[in-house]
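# turn this into a structure:
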Amino acid sequence: MKESEKKTPLPGRPPLATAVLRAKTVGAPLASDATVRPGKLASQNAAIFDVLKKIDTGTREFDYTPQDFERVRVLIYKHAGISLSPVKQDMVYSRLARRLRTKGLKRFADYLDQLERSNDAAEWEAFVNALTTNLTSFFREAHHFDLLGEQMRKCPDRRPFKIWCSAASTGEEPYSLAMTAFEVFGSNPPVQIIASDLDTNVLAHGQKGVYTLDRVERMDKERVQRFFLRGTGVQDGHVKVRPELQRLISFKQINLLDSTWALKETFDAIFCRNVMIYFDKDTQYKILERFVGLLQPQGLLYAGHSENFIHAANLFKSLGRTVYARSDAAVRR
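Below is the predicted model of the structure:
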């Protein structure tokens, strides 16, 4: 072909090769490709349409309405005291979709109907477990463990220093409490820890005391060597807390909304961190009111970094850094 006979692309129109490439990129039928025979073109089109059917266009696997979300909000508040904000709609869907798959259901309304009609304790437990958040780490908010160490050192005698960790999650917090006890007292610390949570799945994890290496990578290396056993063979990449730590801790399920708690003793320290943010003020007050009766006169309540109890000033007074004493406690020296 002579140079003068070469076709020039029309203004604003890409060369054919570019057009074909773009068509392939977006998955469009190659109708402009004259080299494709009609039979082959039909086959290509069918394959492309089959792919398009599988592309997620934003439709949900299960039928989920605003009314379903409101029902979930009411149920989780009633059973766990958790106040879900309106922005949690997608979280609720993703968390509970697993339950619908397990039950073989297609609509949230059907799942919630079954849940409300049944006395299936296991399913209610699975429902609550699915919607509770368990964000934790070893020595999270580290200043609290320094303050706890000081509190232990001031303990007047060798009686058991008792701690209630009321949101134990997967165990990192109660094991951090146990490590602090060993660092203060040495071997055989006179410390007893009750570790509770609403979620039975995370409690089971905590009781085992087995964690992946990434869970301890930010800890002091000497602590890791002292308090953990490194896995080998099939357990390579994991660590397990030493038995002496586990012996200080009793794990049990406790729902802070229950009318009675399976607790008979009073405590020198109650850790209830990053839990109250999920409760409304009235629910918080009722729980704090019960905490007062479970704390020794000089006991301390350790709260989360984003929590404050100004609305319960008649119950607890702030000592700073999200640590609280009973309002009726004598001035500390």
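# now do the domain split for the protein, please.
20-50, 66-131, 143-208+244-326 (automatic domain parsing).
# any chance of those in TSV, plus mean neighbour count and distance to K221?
Just so you know, the C-beta spots here come from the backbone N, C-alpha and C atoms, and that holds for glycine as well. Converted to TSV, these look like this (neighbours: other Cβ atoms under 10 Å; distance: least, Cβ to Cβ, whole Å):
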stretch	mean neighbour count	distance to K221
domain 20-50	12	50
domain 66-131	15	34
domain 143-208+244-326	18	14
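# I'd like these laid out as a markdown table, including distance to V234 and mean pLDDT.
Shown next, in a markdown table, are the domains of the chain (distance: least, Cβ to Cβ, whole Å; pLDDT from 0 to 100):
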| stretch | distance to V234 | mean pLDDT |
| --- | --- | --- |
| domain 20-50 | 42 | 46 |
| domain 66-131 | 27 | 88 |
| domain 143-208+244-326 | 15 | 92 |
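# what's the closest of these to V224?
Closest to V224 of these, according to Cβ to Cβ: domain 143-208+244-326, at 10.2 Å.
# for R60, find the nearest of the domains of the chain.
domain 66-131 (6.9 Å).
# need the strands for the stretch 101-250 of the chain, in chain order.
With strands called from DSSP state E, counting those that start in this stretch, the stretch 101-250 of the chain shows them at 161-165, 191-197, 210-212, 228-230, 238-241, 249-253.
# save the domains of the chain as TSV, and put in distance to Q235 too.
Shown next, in TSV, are the domains of the chain (distance: least, Cβ to Cβ, whole Å):
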stretch	distance to Q235
domain 20-50	44
domain 66-131	26
domain 143-208+244-326	12
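# what's the closest of these to S137?
Nearest of these (Cβ to Cβ): domain 143-208+244-326, 5.5 Å.
# mind putting the strands of the stretch 101-250 of the chain in TSV, distance to C272 included?
Formatted as TSV, these follow (distance: least, Cβ to Cβ, whole Å):
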stretch	distance to C272
strand 161-165	8
strand 191-197	10
strand 210-212	23
strand 228-230	26
strand 238-241	22
strand 249-253	15
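# ok, which of those comes nearest H305?
Of all the strands of the stretch 101-250 of the chain, strand 161-165 comes closest under Cβ to Cβ, at 16.5 Å.
# which residues are in contact with that closest one?
Contacts to strand 161-165, defined as Cβ atoms under 8 Å, 6 or more residues apart in numbering, come from residues 148, 152, 155, 173-174, 177, 181, 189-196, 263, 265-271, 294.
# again, 6 Å this time
152, 155, 173-174, 177, 191-195, 265, 267-271 (Cβ atoms under 6 Å, 6 or more residues apart in numbering).
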